[in-house]
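Colleague: Provided below for reference: sequence and predicted model.
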Amino acid sequence: MRPPPGQLAMFDAPEPGREPARARLPSREDALVRAADLARRVSALLGRPVHLRLTDNRATLVSYRRLPEGVRLRLHHLFLDAPDTVVRALALYVSGDTAAREVLEAFSHAHHGQVRRERRPGAPLRTRGRCFDLKAVHARLDAAYFDGRVHAVEVGWARRPARRTRRTIHLGGYDARLREVRVHPALDRPTVPAFVVDFIVFHALLHADLAATDAGPDAHDAAGRCAAEHTPAFVEREAAFPLREAAWRWLLENLSSLRRG
């Protein structure tokens with residue numbers, strides 16, 4: 001089964017018993033420079049402006065929208081290393097040449113070690129942590145702020161990352177494809193106030209609730225993550241959380257500690 005026009009998904013899997021070697025993700029600074037160069041190359045071939053956004057998910061490796069002002073292109077980061085033949089295929093694919101799909105699929109299959117392996121479909125998220133039960137948090141917030149509209153969204157703890165100090169940390173987020181909220185396990189500790197965990201889950205559930213009513217093409221990116229922009233409607237509804245400012249203040253004051261894991 002093919003993905004819809006404008007999208008290229010990766011369907012292949014490694015041979016049984018053989019897990020592909022995991023490639024290191026490029027740093028943000030390196031990725032931005034290389035993405036800008038790649039956008040210029042595709043733009044030169046198309047003769048139109050290209051607005052490029054990188055993703056890191058195996059479900060949709062390439063997606064695009066042709067707009068009057070140019071092309072909005074979303075690519076998996078593995079295409080940062082694409083040779084000229086693949087870049088030309090990208091331009092042809094965006095132009096509507098379906099034959100170019102074979103070149104892109106062959107390249108993605110050859111580099112599947114750079115594609116993140118997703119959580120096994122159907123595997124439930126872990127909701128009970130050492131200090132906080134996210135199932136209970138979810139149910140309470142859904143009843144208090146969403147009138148039961150986000151009850152079908154799964155909320156759970158993300159997998160614990162490798163023990164290292166991070167320069168950045170993603171404390172929580174909503175995946176629109178899987179309808180999941182995942183919370184960073186660094187928040188599952190006794191020194192974290194309960195209202196901070198509530199706020200992180202509330203913030204993600206608000207994305208889920210708005211995505212359900214505003215399911216336009218920019219509601220989330222090709223990886224399923226919500227768009228980073230917070231609309232005036234989002235900000236207005238977020239203000240309903242009574243300890244929002246206190247939660248932000250605590251997070252800013254304790255960010256270094258959270259990054260250390």
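Modeller: Okay, I see it.
Colleague: where do the strands sit along the stretch 101-250 of the chain?
Modeller: Assigned by DSSP state E, counting those that start in this stretch, the strands in the stretch 101-250 of the chain fall at 154-157, 172-175, 180-183.
Colleague: out of those, the one nearest Gly96 is which?
Modeller: Minimum separation from Gly96 across those (Cβ to Cβ) falls at strand 172-175, 29.8 Å. The C-beta positions use only the backbone N, C-alpha and C, and glycine is treated the same way.
Colleague: which other helices and strands contact the closest one?
Modeller: With contacts taken as 3 or more Cβ pairs under 8 Å, 6 or more residues apart in numbering; DSSP states H and E, strand 172-175 sits against strand 180-183, helix 194-213.
Colleague: among these, which is the most enclosed?
Modeller: Neighbour counts (mean count of other Cβ atoms under 10 Å) averaged over each of the helices and strands packed on strand 172-175 peak at strand 180-183, with a mean of 23.
Colleague: tell me the mean pLDDT for that strand?
Modeller: Averaged over strand 180-183, pLDDT sits at 92.
Colleague: chain center to it: distance?
Modeller: Its chain's average C-alpha position is 11 Å from that of strand 180-183, according to Cα atoms, centre = their mean, to the nearest Å.
Colleague: please export the C-alpha coordinates of it as PDB.
Modeller: Output in PDB follows, covering the C-alpha atoms of strand 180-183 (Å, rounded to 0.1, in the frame of the first residue of the first chain):
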ATOM      1  CA  GLU A 180       0.200  10.000  22.600                       C
ATOM      2  CA  VAL A 181       1.600  12.300  25.200                       C
ATOM      3  CA  ARG A 182       5.000  11.300  26.500                       C
ATOM      4  CA  VAL A 183       6.600  13.000  29.500                       C
END
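Colleague: report the secondary structure state of Tyr64.
Modeller: strand (DSSP: H, G, I helix; E, B strand; the rest coil).
Colleague: surely it and Val71 touch.
Modeller: Yes - with contact defined as Cβ atoms under 8 Å, Tyr64 reaches Val71; the gap is 5.8 Å.
Colleague: shared neighbours of these two, which are they?
Modeller: Residues touching both Tyr64 and Val71 (Cβ atoms under 8 Å, 6 or more residues apart in numbering): Val94.
Colleague: more neighbours: which of those two?
Modeller: It is Tyr64, of Tyr64 and Val71, that has more neighbours when counted by other Cβ atoms under 10 Å, with 23 against 20.
Colleague: so for Arg41, which of the strands of the stretch 101-250 of the chain sits nearest?
Modeller: Among the strands of the stretch 101-250 of the chain, strand 172-175 comes nearest to Arg41, with 30.4 Å by Cβ to Cβ.
Colleague: out of the strands of the stretch 101-250 of the chain, which gets nearest to Ala239?
Modeller: With Cβ to Cβ as the measure, strand 172-175 is the member of these nearest Ala239 (18.4 Å).
Colleague: list the buried residues in the closest one.
Modeller: For strand 172-175, the neighbour count (16 or more other Cβ atoms under 10 Å) marks 172-175 as buried.
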